[in-house]
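Undergrad: Build me a model:
(3 chains)
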Amino acid sequence: MASVAHSYLFVPGNRPDRFGKACASGADAVIIDLEDAVPPAEKSSARAAVEAWLNPVLPVVLRINGAETAWFGEDLACCLRPGVQGVMLAKTESIEHIRQLQEALGKTAPILPLIETAQGFWNALEIARSGSVQRLVFGSLDFQLDLGIRGDDDELLHFRSQLVLISRLAGIEAPVDGITTEIDDPAPLRADTTRARRLGFSGKLCIHPKQIAVVNECFVPTTDEIGWARRVMEAAAEARGGAIAVDGKMVDRPVVLKAERVLKDAERRAAGSRE
Amino acid sequence: MASVAHSYLFVPGNRPDRFGKACASGADAVIIDLEDAVPPAEKSSARAAVEAWLNPVLPVVLRINGAETAWFGEDLACCLRPGVQGVMLAKTESIEHIRQLQEALGKTAPILPLIETAQGFWNALEIARSGSVQRLVFGSLDFQLDLGIRGDDDELLHFRSQLVLISRLAGIEAPVDGITTEIDDPAPLRADTTRARRLGFSGKLCIHPKQIAVVNECFVPTTDEIGWARRVMEAAAEARGGAIAVDGKMVDRPVVLKAERVLKDAERRAAGSRE
Amino acid sequence: MASVAHSYLFVPGNRPDRFGKACASGADAVIIDLEDAVPPAEKSSARAAVEAWLNPVLPVVLRINGAETAWFGEDLACCLRPGVQGVMLAKTESIEHIRQLQEALGKTAPILPLIETAQGFWNALEIARSGSVQRLVFGSLDFQLDLGIRGDDDELLHFRSQLVLISRLAGIEAPVDGITTEIDDPAPLRADTTRARRLGFSGKLCIHPKQIAVVNECFVPTTDEIGWARRVMEAAAEARGGAIAVDGKMVDRPVVLKAERVLKDAERRAAGSRE
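TA: Below you'll find the predicted structure:
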């Protein structure tokens, strides 16, 4: 797995037959879901199946039910098992929710808070700065519903940009964007992931193994980007710091740093694909 | 009138001959305007005409002059008359403005603050949480002027999204969007209202009776939306809570709730049209 | 020079041969750059060359190195020379940075803080309200890099709108937008400047004399705008304050004020071109 996970694959907690397959999907991380995918009557049996399956060889993220639900307490116990590499907390709305999780987990697993309500969004900076939080995850579908928003493009731009800003202010990894519901047509998924990356997100939630390759691809720098980055680095080296132009564009320090980052991303994904 | 007003029609306070016609326009609410439509020299006579006309059979909203103007005091007296179902306060900029209104009104009429300056926008959450506020109204034209913005689309996206968020945080009804100035061509009005709805607004200011039908229509769920919502509810009922797909898209709890809301909206508008 | 500068031209601090040419470019203001354009080894010699050149006949803005850099102290001394009409502070991130500058400058020159990091953006209102700040400048390239954003359009909309709001709240002049890197093709520059103006910016950074005419043009009201503004003013005068329509659009007070501003802008640029 790359040092930063780009693709996260959900698998329903009540489908243990799919856990292994999900781990073999090529996803940077697998999320076993104990929340929305598991109906109330099956919460208990799903949790038991997850506990029986969990193993340090195939570490996974657990998505657990919100801190205000009846299932939260027993979900916490499940999070302490070996093989849990992170805990995604549904409906994170306050620093209190994070603290309850921190007390139970200690330092065993980083927290990925789902920001999916107006309240959670409002408190997102405090949540992001709470210490155990690895990165924010935007629960875009639930968020739309909570705010009465109908649309996932311009309608959410304000909120996505603010989550990117908040993550940077808190000094944590860039956020993970919400799901794209189309499974069979890769075009909307590709468009959504590309947009997320442009806005400053560095990860994406997936709901089907088919989506993984598309998402991973979107986070690989393109051949054009890599070629441009190399031309910039060469021109910068020759100029020894003076302002110069590459492809008719000014190249100053920020542009050089951007080029460096592109090359670093390319190397990492190349290394990842050899693992 | 539906429980949530979607269409608001302005009528100039100095044109009492039009008040009745406005009430018969099909608008969910009529706003008699004592502010911008009435020149200073006519403020007094307009107020007198409004007071003479006001009646509980045809309740209306009054738009009154800002708290910092010379007319505010006398406008307040007018607001206490029977037949005033709400008070829209022009240039609301602070919680102090709301408090002055609350002291005069008691609990007789809910307040609709017009957010139309940078200052009002900055204090909008405090204003929205002040207790008597029913919903925020975005005075988009004045707002553009105050900030030196030239455009009503992307140029205001940030601000519209933030007003939707603030309304949700305050637990009040979704906000009402500003006017569309085109009267004869319904296309811009339809585009603006559709966009407002997507962003999470649930109402729209109108400046001419011709605009009412277009706005009301925009807030009715489409046949496609209703059909989709029914398929979702059926599939959800059959699946008994497990994750399933409708039309190739995942259906989880947020999607089911969205479908429920669509059907509820459709029923309400259908009931409204039979009244 | 017009009372509000629309076009700002950067010239590298280590190229004194270009200073005079930059001043003759038609730019509303020239910025001699001691930061990114000057490599570390040349900081000292560049500063000396700037000090030797500075003169009250051709006043310029100095862009100085950030308050946390080794060069800041000596740059400050340079700012006290006659002929410095403003100081642009790179990487302004806090009110402390502004205070250090204020202590050194006294009231000799207004400050133009470059907002180009998440931290600077977060503190922008406090920075804008600090007293000596003339207007904010958006360092859009560095800002993208700091937040991991890839794109200069929708990707920065949230941040641009917020800087416009903050400037208005602080009661300072509208902000200056970041550079467009294309030098030979005026189309992207024109598109970027037009968008900046629509969003409420009133200035633009330039990196080449070729860009000045395009930027100045973008801030001149168009013939259509001026014609419309005149029709509005005439109709408004005739109507003596009552609501009327021009070109099928409602004309109320905000629209009249907008028309007045258009005519004022046109007069100012016309006066400027005769100077």
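
Undergrad: Please count neighbours and contacts with C-alpha atoms only from this point.
TA: Fine.

Undergrad: Next to chain B, which bits of the stretch 101-250 of chain A? Give me the list.
TA: Within the stretch 101-250 of chain A, the residues that sit near chain B (Cα under 8 Å from any Cα of the partner chain) are A:118-119, A:141-142, A:145-151, A:154-156, A:158, A:181-184.

Undergrad: So which of those reach chain C?
TA: Among these, the ones lying close to chain C by the criterion of Cα under 8 Å from any Cα are residue A:158.

Undergrad: Narrow the residues of the stretch 101-250 of chain A next to chain B to just the buried residues.
TA: Listed as buried from these are A:118-119, A:141-142, A:145-151, A:154-156, A:158, A:181-183; burial here means 16 or more other Cα atoms under 10 Å in any protein chain shown.

Undergrad: Restricted to helices, list those.
TA: Using DSSP state H, the members of those that fall in helices are A:118-119, A:141-142, A:145-147, A:154-156, A:158.

Undergrad: Max pairwise distance over the residues you listed: which two?
TA: Greatest spacing in those, by Cα to Cα: A:119 and A:154 (20.6 Å).

Undergrad: how's chain A carved up into domains?
TA: Chain A breaks down by automatic domain parsing into domains covering A:7-218, A:223-274.

Undergrad: so how far is the last one from its chain's centroid?
TA: The chain centre lies 26 Å from the centre of domain A:223-274; the measure is Cα atoms, centre = their mean, to the nearest Å.

Undergrad: now stretch A:48-61
TA: Taking Cα atoms, centre = their mean, one finds the center of stretch A:48-61 at 20 Å from the center of the full chain.

Undergrad: try stretch A:101-117
TA: 14 Å.

Undergrad: distance between the ends of that stretch?
TA: Stretch A:101-117 has its terminal residues 19 Å apart, counting by Cα to Cα, to the nearest Å.

Undergrad: Quick one: the strands in chain A, in order.
TA: Under the criterion DSSP state E, strands of chain A are mapped to A:7-12, A:29-33, A:60-64, A:84-89, A:111-115, A:137-138, A:176-177, A:203-206, A:244-246, A:249-251.

Undergrad: quick one: the fifth one to strand A:84-89, angle?
TA: Same thing as strand A:111-115. Going by axes from the mean of the first three to the mean of the last three Cα atoms, to 10 degrees, strand A:111-115 is angled at 30 degrees with respect to strand A:84-89.

Undergrad: wait, what's in contact with residue A:133?
TA: Residues in contact with residue A:133, defined by Cα atoms under 8 Å, 6 or more residues apart in numbering or on different chains, are A:110-113, A:127, A:172.

Undergrad: Please tell me how far it sits from residue A:21.
TA: Computed as Cα to Cα, the residue A:133 to residue A:21 distance reads 28 Å.

Undergrad: For chain A, just list every one of the helices.
TA: A:19-23, A:43-53, A:72-79, A:95-105, A:118-122, A:124-128, A:140-147, A:154-170, A:186-199, A:210-218, A:223-239, A:253-274.

Undergrad: Generate CSV for the ones you listed, with mean pLDDT and distance to residue C:85 as supplementary columns.
TA: Shown next, in CSV, are the helices of chain A (pLDDT from 0 to 100; distance: least, Cα to Cα, whole Å):
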stretch, mean pLDDT, distance to residue C:85
helix A:19-23, 97, 62
helix A:43-53, 96, 68
helix A:72-79, 95, 61
helix A:95-105, 94, 47
helix A:118-122, 98, 41
helix A:124-128, 98, 38
helix A:140-147, 92, 48
helix A:154-170, 98, 33
helix A:186-199, 98, 36
helix A:210-218, 95, 47
helix A:223-239, 89, 31
helix A:253-274, 75, 26
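
Undergrad: Which one, of those helices, ends up nearest to residue C:168?
TA: Closest to residue C:168 of the helices of chain A, according to Cα to Cα: helix A:154-170, at 19.6 Å.

Undergrad: Just the angle for the closest one relative to helix C:154-170, thanks.
TA: Inter-element angle recorded for helix A:154-170 and helix C:154-170: 80 degrees (by the same axes, to 10 degrees).

Undergrad: contact partners of helix A:154-170?
TA: With Cα under 8 Å, 6+ apart, helix A:154-170 has contacts from A:124-125, A:128-129, A:135-136, A:138, A:140, A:149, A:173-175, A:199-201, B:157-158, B:161-162, B:198-199, C:118-119, C:146-147, C:154-156, C:158.

Undergrad: Kindly report the same for stretch A:218-234.
TA: A:6, A:190, A:193-194, A:197, A:202, A:246, A:251, A:255-256, A:258-260, A:262-263, A:265-266, A:269.

Undergrad: do you know how far the residue sitting nearest the centre point of chain A is from chain B?
TA: Nearest to the geometric centre of chain A sits residue A:176, at 3.0 Å (Cα atoms, centre = their mean). Counting by Cα to the nearest Cα, to the nearest Å, the gap from residue A:176 to chain B is 19 Å.

Undergrad: Kindly tell me how buried the closest residue to that residue other than its chain neighbours is, as a neighbour count.
TA: Computed as Cα to Cα, 6 or more residues apart in numbering or on different chains, the closest residue to residue A:176 that is not its neighbour in sequence is residue A:203, at 4.2 Å. Neighbours of residue A:203 under the rule other Cα atoms under 10 Å in any protein chain shown: 27.

Undergrad: Also the one 10 residues further on?
TA: By other Cα under 10 Å, 14 other residues sit near residue A:213.

Undergrad: Over to the one 3 residues further on?
TA: Each residue near residue A:216 was counted by other Cα under 10 Å, and the total is 21.

Undergrad: Contact partners for it?
TA: Taking Cα under 8 Å, 6+ apart, we find residue A:216 in contact with A:6-7, A:27.

Undergrad: Among those residues, which ones lie close to chain C?
TA: Checked against chain C using Cα under 8 Å from any Cα, the contacts of residue A:216 yield no neighbours at all.

Undergrad: I'd like the distance between the closest residue to residue A:80 other than its chain neighbours and residue A:169.
TA: For residue A:80, ignoring the flanking residues on the chain, the nearest one in space by Cα to Cα, 6+ apart is residue A:105 at 6.4 Å. Using Cα to Cα, residue A:105 is found at 25 Å from residue A:169.

Undergrad: next one: residue A:97
TA: 21 Å.

Undergrad: related to what we said a few turns ago, tell me which of the domains of chain A sits most buried.
TA: domain A:7-218 (a mean of 20; mean count of other Cα atoms under 10 Å in any protein chain shown).

Undergrad: end to end, how far does that domain reach?
TA: 10 Å.

Undergrad: do stretch A:145-162 as well
TA: For stretch A:145-162, the first and last residues are 19 Å from each other (Cα to Cα).

Undergrad: what does stretch A:65-73 give?
TA: Stretch A:65-73 has an end-to-end distance of 9 Å (criterion: Cα to Cα).

Undergrad: hmm, it in reach of chain B?
TA: No. Using Cα under 8 Å from any Cα, stretch A:65-73 stays clear of chain B, with a minimum separation of 13.1 Å.

Undergrad: Name the residues that touch that stretch?
TA: Here stretch A:65-73 makes contact (Cα under 8 Å, 6+ apart) with A:34-35, A:43, A:64, A:75, A:89-92, A:97, A:100.

Undergrad: Go through the residues you listed and name the one nearest residue C:84.
TA: residue A:92 (51.4 Å).

Undergrad: and residue A:265, how far is that from residue C:151?
TA: Taken as Cα to Cα, the span from residue A:265 to residue C:151 is 17 Å.
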